[in-house]
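*Asks:* Sequence first, predicted model second:
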Amino acid sequence: MEQIEYYISILYRIYSYMIIIYVLMSWLPAVRESFVGELLGKLVEPYLKPFRRLIPPIGGMLDISPIIAYFALGFVAQGLIAVLRFLFGA
């Protein structure tokens, strides 16, 4: 049981770092067009897309949807761990 929780937390950390790096790369367009930028885009953009549809940019420029997506990912990870603990009684 602890191993599953460990893997969930590792996957959460990795994906949250990917989101942070992807957002920071938006400040440097040349980096986002590189191989790593395109790979991160393919992995992160499908997760961010629903949040971008729900939350419009503030003032037309400031996109806060990645912040909301980051926190939602944390809630999902903690929720999964709580459900596993409830089901398997840890």
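*Replies:* Structure's in. What do you need?
*Asks:* Report the distance from the helix or strand of the chain with the lowest mean pLDDT to the chain centre.
*Replies:* Here the helix or strand of the chain ranked lowest by mean pLDDT, DSSP states H and E is helix 29-32, holding a mean of 86. Put simply, helix 29-32 sits 20 Å off its chain's centre (Cα atoms, centre = their mean, to the nearest Å).
*Asks:* Stretch 51-61 now?
*Replies:* Put simply, stretch 51-61 sits 17 Å off its chain's centre (Cα atoms, centre = their mean).
*Asks:* would you put the C-alpha positions of it in PDB?
*Replies:* What follows is stretch 51-61 as a C-alpha-only set of coordinates in PDB (Å, rounded to 0.1, in the frame of the first residue of the first chain):
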ATOM      1  CA  PHE A  51      -8.800  24.500 -17.700                       C
ATOM      2  CA  ARG A  52      -8.100  27.100 -20.400                       C
ATOM      3  CA  ARG A  53     -11.600  26.600 -21.800                       C
ATOM      4  CA  LEU A  54     -13.100  27.200 -18.300                       C
ATOM      5  CA  ILE A  55     -10.900  30.100 -17.200                       C
ATOM      6  CA  PRO A  56     -10.300  32.900 -19.600                       C
ATOM      7  CA  PRO A  57      -7.100  34.900 -19.500                       C
ATOM      8  CA  ILE A  58      -7.200  37.900 -17.200                       C
ATOM      9  CA  GLY A  59      -6.900  41.200 -19.100                       C
ATOM     10  CA  GLY A  60      -6.500  39.100 -22.300                       C
ATOM     11  CA  MET A  61      -2.900  38.300 -21.400                       C
END
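*Asks:* With that, I have no additional questions.
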